[in-house]
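Trainee: Coordinates only, no sequence provided:
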């Protein structure tokens, strides 16, 4: 055998799968036939022609340094061997060496005072040189090693700038090999977050911008697009807006769809680094382009990033909420850290308040009794159009002298009447908001903020102004009449058209009843009016048209009939002639009965984020999106909805309310599950009033949903219920028992979570409610089939006892103890009796009830378990007595009358026929390092 090969007896026969933890270089300690010292033998094997010897040396490099780092000359010899191995012709040797460098560097850092010199002169050059290794595996290993060293802050700034960055810039040069270039840009992007901002901006940013426009290899641009957000974060806002945003626009317009998809995925990270102005003016239109991209995969990625992108517009000073360090939401105290440029909501200086041109959102859910849903919707949209304007001539004259146009700003601030029978407020249309003094009730009135916005009536006013001269007298006469705007002939015509549709339709039947009553009232009033008013005025009204007259006097006075008011509004939305004309045109019918696009857009209007972004987000619930974009698009919408709601703030919740209700009723349980897991966070964002109005109905629906959805509600049940008012919270006491029943009885984790939540919920209810409702649930969980559920339920029972006695409800506590004894001490199954022993042990350990109550009501039943036929019960009794009960100061007192009977029971258990029982009855408990505070107090 040649000299370079290893022989029997050199120690290599112990290196293998059965070698265990034996040192790889143990052969250096065993004298062989050559009688060489260990260091010389190391050099011999390192420089041999056997590749396997080189691999062993490289693999055992850490052990070699441990053996030879004490002597300076030996250490330098080892470092020369390491350099030699890094230049080995075999790639596997170089790969093995690379994998050993991080642990070697850590060892040298701890044991060598000259570690900076060793790392800078030996190890760092080896890693840098391997970055350009011809073997792909060696390069991959060296890249990972470089990142590890940078992450652990082992490479010094001087070496980074003069050794690491130059080789990366050389590998990513335009004339470099494509494979090297792609790997170099990848390592540049990954290490950017570990370097200082100045280093990245000065050395790496120019090359990164150059690689973003690399037209030769799309893989390079793909890496740049994928890591664009990390680079932006590393260089900061100023460099991002100056250098990177233009490159980002180019990548978003790349001809390869993979580049655009990567840009959409990192859009939130890029937006987070920019200023609000750039985010709104530049990035928002760019994102809209990605959402409308012709490639489906790009649109899919863009919609997934839409919610996170919207969340970058969040402003805590406007939303009134901020995120704490632990990730929970908290209400920002009023006036604290408030943006001085953002006045209070509802004030005249607030651009989103009454003085701006934006409409105030109104409540759309106020329905007229006895009226169909469609008619009520049209009523809410059209009634303010005609009734709240008062005299249109007067309003136009006071609006700044422009009679042919009405500004949308003041039009939006007219206050709706609180009830339909109250007279409307004829507010002058002045652009100055001082004409509308807003009090505190107006500022936060749900009736003002959550109602369908007022529609645009500028065209109607132009027509009215054109006919003002001809109809001035008739208008004056109409102000003194109440019900003549709805002639009996018009009501009769509508009744005739509804007769054929009233079968089986309760809405139509309700309309017919209202119109019949209105017809009778109109006939009586017309008789009175014909006696008290000249006929000419009525003729003028008829000439102007019944609907034109109704347009002037839609809002009745205090003497108006409710039936006539309802009839007028039904007539406004029901025209037999229009029905006949549009019967064959579905589009006309849809436009007539549904809200107009202008009205719908106004109901979603806000000024926190660009409106097109919100429109795209709301459209994610459209079923067509699932067909053209992604089948899980609704799930992505639900996942990001709390972030979007936080960004918009509770004052703009009306923009998301319909979307949330649509998601809550989605056919996919994964969508509803996502909402169920986040409903408690959304409740914090919206506040108690909106939570009670909009989230509680959804929450109630989730309680009756599938277990996959219910578990989301259950996991945060305490977090949600604590946000509700006490009376509303008490209603859920009856529904907590339903959580015990699951679709799958094997789903024991569901009941385990219920027990954990009940422990938290005890603080939200008074002792009487706990005794009446929660105690039964606790007893049922304590008898569960799964031991894990029973153990956590025992803690629940102890917590209930603590609740009773801490609230001085002794009667409830005794009643609960009686239930425990009846259900578990006398349970026919040994598991129940064992549970009683554990509960008693926990009661003593937690000291949740007074000790005199324990010895009087629980101790006799506990000691009676000593004669239980099942050893498992006696084992737990022995543990409870020996390790818990006798360790309490009360039972260590020699004068205690109950001590003798407890010790007698323990002696009986020590001589038990079962070995386990006698073992635990004899076992000495673990003494605590801290003496019992009760003993210390007695000694003092």
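Mentor: Okay, I see it. Just so it is clear, the model here is predicted, and its values are computed rather than measured.
Trainee: And the helices in the stretch 1-150 of the chain, which stretches?
Mentor: If DSSP state H, counting those that start in this stretch is used as the criterion, the helices of the stretch 1-150 of the chain fall at 38-46, 51-59, 61-68, 72-86, 91-111, 115-118, 124-130, 136-151.
Trainee: swap that for the stretch 801-940 of the chain, sorry
Mentor: Counting by DSSP H, counting those that start in this stretch, one finds helices in the stretch 801-940 of the chain at the ranges 810-820, 830-846, 851-857, 859-863, 871-879, 889-892, 899-910, 915-922, 933-939.
Trainee: rewinding a little: and residue 226, which of the helices of the stretch 1-150 of the chain is closest to it?
Mentor: Of all the helices of the stretch 1-150 of the chain, it is helix 136-151 that lies closest to residue 226, at 16.1 Å by Cβ to Cβ. Quick note: C-beta positions are derived from backbone N, CA and C, even for glycine.
Trainee: can you pull the buried residues of the closest one?
Mentor: By neighbour count with 16 or more other Cβ atoms under 10 Å, helix 136-151 contains the buried residues 138, 139, 141, 142, 143, 145, 146, 148, 149, 150.
Trainee: could I get these as JSON lines with distance to residue 324?
Mentor: Listed next are the buried residues of helix 136-151 as JSON lines, based on distance: Cβ to Cβ, whole Å:
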{"residue": "138", "distance to residue 324": "47"}
{"residue": "139", "distance to residue 324": "44"}
{"residue": "141", "distance to residue 324": "42"}
{"residue": "142", "distance to residue 324": "42"}
{"residue": "143", "distance to residue 324": "38"}
{"residue": "145", "distance to residue 324": "38"}
{"residue": "146", "distance to residue 324": "37"}
{"residue": "148", "distance to residue 324": "33"}
{"residue": "149", "distance to residue 324": "35"}
{"residue": "150", "distance to residue 324": "31"}
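Trainee: Tabulate the residues you listed in JSON lines, adding columns for pLDDT and distance to residue 854.
Mentor: Formatted as JSON lines, the buried residues of helix 136-151 follow (pLDDT from 0 to 100; distance: Cβ to Cβ, whole Å):
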{"residue": "138", "pLDDT": "93", "distance to residue 854": "71"}
{"residue": "139", "pLDDT": "93", "distance to residue 854": "71"}
{"residue": "141", "pLDDT": "93", "distance to residue 854": "66"}
{"residue": "142", "pLDDT": "93", "distance to residue 854": "68"}
{"residue": "143", "pLDDT": "93", "distance to residue 854": "66"}
{"residue": "145", "pLDDT": "93", "distance to residue 854": "63"}
{"residue": "146", "pLDDT": "93", "distance to residue 854": "65"}
{"residue": "148", "pLDDT": "93", "distance to residue 854": "58"}
{"residue": "149", "pLDDT": "92", "distance to residue 854": "62"}
{"residue": "150", "pLDDT": "92", "distance to residue 854": "61"}
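Trainee: Out of these, which is nearest to residue 797?
Mentor: Of all those, residue 797 sits closest to residue 148, with 51.4 Å by Cβ to Cβ.
Trainee: Switch the helices of the stretch 801-940 of the chain over to a markdown table; also include mean neighbour count and mean pLDDT.
Mentor: Shown next, in a markdown table, are the helices of the stretch 801-940 of the chain (neighbours: other Cβ atoms under 10 Å; pLDDT from 0 to 100):
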| stretch | mean neighbour count | mean pLDDT |
| --- | --- | --- |
| helix 810-820 | 18 | 93 |
| helix 830-846 | 21 | 92 |
| helix 851-857 | 16 | 88 |
| helix 859-863 | 19 | 92 |
| helix 871-879 | 22 | 92 |
| helix 889-892 | 16 | 72 |
| helix 899-910 | 16 | 88 |
| helix 915-922 | 17 | 90 |
| helix 933-939 | 10 | 41 |
